[in-house]
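Visitor: I would like the atomic coordinates for the input below:
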Amino acid sequence: MNAGESMNRITHMTCLLLAGVLLAGYAFAQDSSNSGAASLGDIARAYRDHKQVEVQVNPEDAKVLFAAVDEISSFASQDSGFIKHAAIKRELVNREHVAKNMAKALNSDAVEEEVLRSELVLQKFGLLPPGFQLKEFLLKTKPMQLQGYYDPKDKTMYLMDWVDLEDQRPIMAHELTHALQDQNYDLTKFVFFHHDAQRAEAAPADDPDERSDVHRAVVEGQAMVVYLDYMAQEAGLSQGEFPEVRARALNHLDDYDPPIALHDAPRVLKEEALFPYREGMAFELELLQQSSRQQAFAGVFARPPKSTYEILNPDAYLKKATPPAFAIPDLSPVLGNRYQAYDSGTMGQLDVRIMVREFGREHDVYWITSNWDGGAYVAVKATGAEAQGKEGTAGLALLYASRWKTAEAARRFAELYQNALAKRVNVRQQDEMNVDCVGKEGCQAPLWAVRLLTSEGPTFLEIWPGNLLIITHSFDEGTVAQLRPIVLAAARSTAPAGAANRELGAKLGNCASFLAFQEQVRRQLAKVIAEAAQ
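Guide: Here you go, the predicted model:
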């Protein structure tokens with residue numbers, strides 16, 4: 001194992017620990033006497049009052065709490081079908097213990113490296129505002145009151161000595177599902193993803209250690225289902241009534257928007273924070289409805305989804321349809337020493353959906369996203385003479401290629417991307433050309449193309465036969481002319497695209513400060529799910 005791999009493993013283990021610490025709390029203070037919809041002020045007061053009414057778990061309560069671990073893990077085992085192979089270790093901890101672990105993870109420079117690298121790429125795509133300080137924004141986010149967590153590193157369920165016994169029980173249903181997943185499939189291996197951010201290629205060689213972040217959507221989605229089922233049981237419903245509760249929860253999730261309390265966060269942060277829980281749970285509920293418990297739980301560990309496309313399209317997963325894939329070959333022969341490899345990856349369907357919601361009109365999101373057929377990007381940083389006077393996104397050059405199922409979808413996405421670009425950089429000149437290549441053998445011109453001269457250098461948007469959209473930022477025209485045939489050749493190739501690289505937005509999930517932000521988003525989502533169980 002080289003030094004880079006060792007650092008990535010350290011980063012992964014630190015984030016996995018923090019995920020257990022920060023992404024654990026599910027109980028919400030609820031006023032059962034209020035049958036109407038609560039206002040934002042009511043919710044805020046409920047949170048405040050619940051925080052003030054804290055208890056110190058006494059020795060007798062601790063015994064009851066420890067016994068509940070066995071009881072609830074048995075429920076989780078029955079509900080999920082995961083075999084409980086051994087007793088689950090449990091420990092009662094205080095605030096000092098939790099604060100120490102959180103501080104250790106949040107202060108780790110290693111876990112921030114990838115998110116800082118993603119920051120500039122997200123700005124280049126327009127998913128973050130120009131000059132947005134991602135790390136500073138995330139570190140301002142304080143995780144809410146913790147309730148309990150399972151740590152796969154030491155195989156222990158940690159219970160909080162300041163949380164009431166009844167409040168801890170629903171959390172255990174979620175977290176003990178993780179314990180059962182861990183006993184059967186080893187979460188540290190299943191969720192692990194190895195990523196070398198210095199690679200210029202968009203399609204690395206197949207690596208047995210590579211795991212897509214969609215595995216987290218499986219892990220969290222399953223735990224959310226068990227959490228929901230446990231809440232339904234606690235409400236006095238029978239197991240036969242669980243499907244109805246699940247259906248109500250799915251309807252709630254379909255209409256759910258990120259909470260108003262987090263309105264200052266860019267869309268990409270809110271959507272990515274929600275994905276493992278909202279979309280992960282929706283994926284699992286669809287599998288339960290269309291197939292079986294075995295398929296929804298053990299089945300997805302045996303054959304995990306490969307991309308956000310399968311999570312967003314459970315039918316495609318069940319039919320074993322090949323997910324759309326596109327790979328950009330090695331560009332270094334053209335770029336030489338004028339550019340340094342910075343970042344590369346897949347633009348998955350979730351990334352595209354976020355971009356369309358950010359840049360397009362309301363109805364665009366449905367038909368454009370559904371017509372996406374694969375995409376990838378490569379970002380490089382200018383060096384030497386190329387870098388002079390270029391700061392921030394101006395010093396980053398980007399190539400993004402995507403396929404679409406229809407010409408209309410390709411054109412509409414290009415148009416909304418073009419319109420959004422004009423809002424974040426100064427466009428000094430715009431030239432549009434149309435060349436009819438239909439039926440002309442050997443035609444080497446795009447079907448539609450726009451060249452923009454901007455404050456960050458030339459930008460080219462081109463649609464080629466086969467509904468291939470190529471977008472380049474900040475490469476000069478001569479370099480684009482050399483890059484274009486490489487991308488076109490890759491698009492015409494019938495060879496497999498290779499192992500999927502990590503999706504752009506999903507890279508945020510590899511840093512501790514984003515997980516802290518994610519806790520706030522997820523706890524609001526859990527409240528919606530808890531209400532659906534009533």
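
Visitor: pull the CA atoms of stretch 275-283 into CSV?
Guide: Presented in CSV, the C-alpha positions along stretch 275-283 are these (Å, rounded to 0.1, in the frame of the first residue of the first chain):
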residue,chain,number,x,y,z
PHE,A,275,-29.4,11.7,-0.7
PRO,A,276,-28.3,8.7,1.5
TYR,A,277,-31.4,9.1,3.7
ARG,A,278,-34.2,10.4,1.5
GLU,A,279,-33.3,8.7,-1.8
GLY,A,280,-31.7,5.7,0.0
MET,A,281,-34.9,5.1,1.9
ALA,A,282,-37.1,5.6,-1.2
PHE,A,283,-35.0,3.1,-3.0
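
Visitor: contact partners of it?
Guide: Stretch 275-283 has contacts (C-beta atoms under 8 Å, 6 or more residues apart in numbering) with 213, 216-222, 224-225, 228, 249-250, 253-254, 256, 305, 308, 310-312, 314, 317, 350, 506, 509, 522, 525-526, 529. Quick note: C-beta positions are derived from backbone N, CA and C, even for glycine.

Visitor: list the contacts of Thr406.
Guide: 371, 467.

Visitor: returning to that earlier point: give me the buried subset of the contacts of stretch 275-283.
Guide: 213, 216-222, 224-225, 228, 249-250, 253, 305, 308, 310-312, 314, 317, 350, 506, 509, 522, 525-526, 529 (16 or more other C-beta atoms under 10 Å).

Visitor: what packs against the helix or strand hosting Gln181?
Guide: According to DSSP states H and E, Gln181 maps onto helix 165-185. Judged by 3 or more C-beta pairs under 8 Å, 6 or more residues apart in numbering; DSSP states H and E, the packing partners of helix 165-185 are helix 59-80, strand 148-151, strand 156-160, helix 187-190, helix 214-234, helix 300-302.

Visitor: output those as CSV; include the columns mean pLDDT and distance to Arg403.
Guide: Listed next are the helices and strands packed on helix 165-185 as CSV, based on pLDDT from 0 to 100; distance: least, C-beta to C-beta, whole Å:
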stretch, mean pLDDT, distance to Arg403
helix 59-80, 95, 37
strand 148-151, 89, 41
strand 156-160, 94, 46
helix 187-190, 90, 30
helix 214-234, 93, 20
helix 300-302, 97, 27
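
Visitor: of the ones you listed, which approaches Arg428 most closely?
Guide: Judged by C-beta to C-beta, the one of the helices and strands packed on helix 165-185 that comes nearest to Arg428 is helix 214-234, at 41.1 Å.

Visitor: ok and that closest one relative to helix 165-185, angle-wise?
Guide: If you take axes from the mean of the first three to the mean of the last three C-alpha atoms, to 10 degrees, helix 214-234 sits at 140 degrees to helix 165-185.

Visitor: how far is helix 214-234 from where the chain is centred?
Guide: Distance of helix 214-234 from its chain centroid, counting by C-alpha atoms, centre = their mean, to the nearest Å, is 17 Å.

Visitor: extract the CA atoms of that helix and return them as CSV.
Guide: C-alpha atoms of helix 214-234 as CSV (Å, rounded to 0.1, in the frame of the first residue of the first chain):
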residue,chain,number,x,y,z
VAL,A,214,-24.2,4.9,-3.3
HIS,A,215,-23.3,2.1,-0.8
ARG,A,216,-24.0,4.6,1.9
ALA,A,217,-27.5,5.1,0.5
VAL,A,218,-28.1,1.3,0.8
VAL,A,219,-26.8,1.2,4.4
GLU,A,220,-28.7,4.3,5.6
GLY,A,221,-31.8,3.6,3.5
GLN,A,222,-32.1,0.1,5.2
ALA,A,223,-31.6,1.6,8.6
MET,A,224,-34.3,4.2,7.9
VAL,A,225,-36.8,1.5,7.0
VAL,A,226,-36.2,-0.4,10.2
TYR,A,227,-36.4,2.9,12.1
LEU,A,228,-39.8,3.6,10.5
ASP,A,229,-41.1,0.1,11.1
TYR,A,230,-40.0,0.4,14.8
MET,A,231,-41.8,3.7,15.1
ALA,A,232,-44.9,2.1,13.6
GLN,A,233,-44.7,-0.8,16.1
GLU,A,234,-44.3,1.6,19.0
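
Visitor: which strand residues bridge the nearest residue to Val352 once chain neighbours are set aside?
Guide: Excluding the flanking residues, the one nearest Val352 by C-beta to C-beta, 6 or more residues apart in numbering is Trp372, at 4.8 Å. Assessed by DSSP bridges, Trp372 has beta-bridge partners Trp404.

Visitor: leaving aside the residues adjacent along the chain, what's closest to Ser80?
Guide: Phe297 (4.8 Å).
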